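Chemist: Structure, please.
(chains A, B, C and D)
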2 protein chains.
Amino acid sequence: MPETPHRTHRLPGSRYGNRPTMKDVAARAGVGLKTVSRVVNGEPGVTPETERRVQESIEALGFRRNDSARVLRKGRTASVGLVLEDLSDPFYGPLSRAVEEVARAHGALLINGSSAEDAEREQELVLALCARRVDGLVVIPAGDDHRYLEPELRAGVATVFVDRPAGRIDADVVVSDNYGGARDGVAHLIAHGHRRIGFIGDMPGIHTASERLRGYRAAMEDAGIPVEDSWMSLGVTDPERVRRATEEMLSRPDPVTAVFTGNNRVTVTVIRVLSERSRPVALVGFDDIELADLLRPGLTVVAQDSAALGRTAAERLFRQLDGTLLAPERIELPTKLITRGSGELPPAD
Amino acid sequence: MPETPHRTHRLPGSRYGNRPTMKDVAARAGVGLKTVSRVVNGEPGVTPETERRVQESIEALGFRRNDSARVLRKGRTASVGLVLEDLSDPFYGPLSRAVEEVARAHGALLINGSSAEDAEREQELVLALCARRVDGLVVIPAGDDHRYLEPELRAGVATVFVDRPAGRIDADVVVSDNYGGARDGVAHLIAHGHRRIGFIGDMPGIHTASERLRGYRAAMEDAGIPVEDSWMSLGVTDPERVRRATEEMLSRPDPVTAVFTGNNRVTVTVIRVLSERSRPVALVGFDDIELADLLRPGLTVVAQDSAALGRTAAERLFRQLDGTLLAPERIELPTKLITRGSGELPPAD
DNA sequence: CCTGAGCCTGACAACGTTGTCCAGGCTCTA
DNA sequence: TAGAGCCTGGACAACGTTGTCAGGCTCAGG
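Modeler: Presented below is the predicted three-dimensional model:
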């Protein structure tokens, strides 16, 4: 006799391994099916005595309502989907958690998936979520064409895009002020005397990257500094290439005296490179990083509040679901320059 | 006339906002319902010409299969649930992502929820996932009594606990070698000449915390060092109290010369406190931290591989689902001591 | 004692899909 | 040319739940 009887009950052919249904509960309690439904859903119109018998039956059989069937009848799943790039990126953890908390407040569960920055995978994920009939979608787009979502919008699936706008459809977006943040960050470096300032960021095809690049250019132009091509390195995020790009900028005859980095992954690598060099180079990074205050010098950043992005998006989502029909809107959240030292280093010419 | 016609279609009473069903597709294509089902599922027995007509119909109507109905018939949801403490903790991001990747390789989606270290909320989440009939559950327990899961185990819901063992039921567990890791970390400090070593960790009620405490005690005992109560601070994780506890240990007449911290949140705060002091104090932390190598001195840690925890657990989960009935097992993953400087500081007496 | 109101209760259909099964039409062979 | 066999397509039931509705009971008022 096995010590763990529960394992032995899993018959190959049985769906759900023979889970009890309301019918079973009803039979055991000697009541009708609908009465069980009423008890389970806390509907009125059941004698205390009957309710007790049903409850006892539920306990004894370990009954759990099958929400798939429920959804099929009711049409609402009380779940929302979140598609982001990579859950293990510290930028997305708080965002995801924020969406979850708002969902929870509305009694909904969160299903999430990582697109790995791949448009096809994004679409695959989104459609899988739609097949499960999530009530709403929060999407951090990887692709740039979201017309595949048109049937869902038509069907009333609430949808909010975050961090980057949707492509070729009209939908709600919540983004950070990437342009303004980058401009402020670069202006900060300029204010501390720098003129030759490097920019290392992602491919300009990515909305956030191009906005930040635009901010960089704007700040330089405002200061009347012509930008040299060799100061910019675009489409470079993997550590090896960021390292090379950084070293190149620093080894030129006229080296940059400061660097502005376009996202946290780039920033981390650049910090590593700079820490190996003796000559101090100023650095301002987009995105905050844990422990940034403990580095020497502390890291000056343009911080965006990823939790606020998630929260704002989710709240918007549920307002769509609440039935207040809103025209698609673009919401921009401010960024914040946090000075900790690295951005205040003077140029070492 | 609204510019966004899709919004206006959301009639209040219509379920799913009038999504087309297979029946609609069939009618439009002039075929039978089952034929549509065959096309959607790629089943054989449909003429290319018929298939084309059906596909065209699907496109035109924007049909998406309703997985709720499908699940109801088939009994498998192709989704697994993950309940953890807090997605925004950098320890859980990679773990969650690892579970997702394994799930994806098995064609399953991941639904996750944060228990916020609250037993009641954990149960609530787990049961919600069960009501949605997830095929499997990966749980990082908050509570210490999981008998409420007995009906699910009986029903064949694959279940694996991670990071901490299940309470009062017999189930698979994947944990790090918390005891051995802590012992190694503390032994490392002892090897560098320390004798008065502080320990700051979570409540011993939490399994990982008590194991790490046990490792600390074992290392001290191995070295023949009697531990003084004032060297240990238990159940303290919020920054303010960690700060106080650290300062207390360091201000005693016979201050500790090294500190071993029981998790990454504690570690971060202790680094802050130590960085404000002139006298160097050695530090080894449990859990690795991003940028730990860039601190001065670099942070020596006992690292656990949270992605490996997640991957191992998920693989085990799917082996349960593959039908190979396995006796519940406890899997322990090794930790790794990474020396970067802070743990090699000599005692400053 | 009868009637009607009000309360519990359960029978039944429906949600959208898939599995089973059978019918009709075709091809191929004897 | 007839029969066998295959291929395609569709009718129907079932999955577990909830909404609708009607039946039966109790009780008060006439």
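Chemist: CA atoms of stretch A:45-65 as PDB?
Modeler: Extracted in PDB, the C-alpha atoms of stretch A:45-65 (Å, rounded to 0.1, in the frame of the first residue of the first chain):
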ATOM      1  CA  GLY A  45     -32.700  31.800  -1.000                       C
ATOM      2  CA  VAL A  46     -31.200  28.800   0.800                       C
ATOM      3  CA  THR A  47     -32.200  27.600   4.300                       C
ATOM      4  CA  PRO A  48     -29.400  27.700   6.800                       C
ATOM      5  CA  GLU A  49     -29.900  24.000   7.300                       C
ATOM      6  CA  THR A  50     -29.700  23.200   3.600                       C
ATOM      7  CA  GLU A  51     -26.700  25.400   3.300                       C
ATOM      8  CA  ARG A  52     -25.000  23.600   6.200                       C
ATOM      9  CA  ARG A  53     -25.500  20.200   4.500                       C
ATOM     10  CA  VAL A  54     -24.100  21.600   1.200                       C
ATOM     11  CA  GLN A  55     -21.100  23.100   2.900                       C
ATOM     12  CA  GLU A  56     -20.400  19.900   4.600                       C
ATOM     13  CA  SER A  57     -20.600  18.100   1.300                       C
ATOM     14  CA  ILE A  58     -18.200  20.500  -0.300                       C
ATOM     15  CA  GLU A  59     -15.700  20.100   2.500                       C
ATOM     16  CA  ALA A  60     -15.900  16.300   2.400                       C
ATOM     17  CA  LEU A  61     -15.400  16.000  -1.300                       C
ATOM     18  CA  GLY A  62     -12.900  18.800  -1.600                       C
ATOM     19  CA  PHE A  63     -15.000  20.500  -4.300                       C
ATOM     20  CA  ARG A  64     -13.600  23.500  -6.100                       C
ATOM     21  CA  ARG A  65     -15.700  25.400  -8.600                       C
END
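Chemist: who touches that stretch?
Modeler: Residues from elsewhere that reach stretch A:45-65 (CB atoms under 8 Å, 6 or more residues apart in numbering or on different chains): A:19-22, A:24-26, A:28-31, A:35-36, A:38-40, B:127, B:130-131, B:150-152, B:154-155. Glycine gets a C-beta too; all of them are placed from N, C-alpha and C.
Chemist: How far does stretch A:64-72 sit from its chain's centre?
Modeler: Between the centre of stretch A:64-72 and the centre of its chain there are 29 Å (CA atoms, centre = their mean, to the nearest Å).
Chemist: what does the average pLDDT come to for that stretch?
Modeler: For stretch A:64-72, mean pLDDT rounds to 94.
Chemist: ok, and does it reach over to DNA strand C?
Modeler: Yes. Part of stretch A:64-72 sits near DNA strand C under the criterion CB under 7 Å from any atom of the strand, namely A:69, A:72.
Chemist: Next step: the contacts of stretch A:45-65 restricted to helices.
Modeler: A:22, A:24-26, A:28-29, A:35-36, A:38-40, B:127, B:130-131, B:150-152, B:154 (DSSP state H).
Chemist: Pull out the buried residues from the residues you listed.
Modeler: Buried residues within the ones in helices among the contacts of stretch A:45-65, counting neighbours by 16 or more other CB atoms under 10 Å in any protein chain shown: A:22, A:24-26, A:28-29, A:35-36, A:38-40, B:127, B:130, B:151-152, B:154.
Chemist: can you tell me which two in the residues you listed are farthest apart?
Modeler: Within those, A:Arg38 and B:Arg154 form the most distant pair, 25.8 Å apart (CB to CB).
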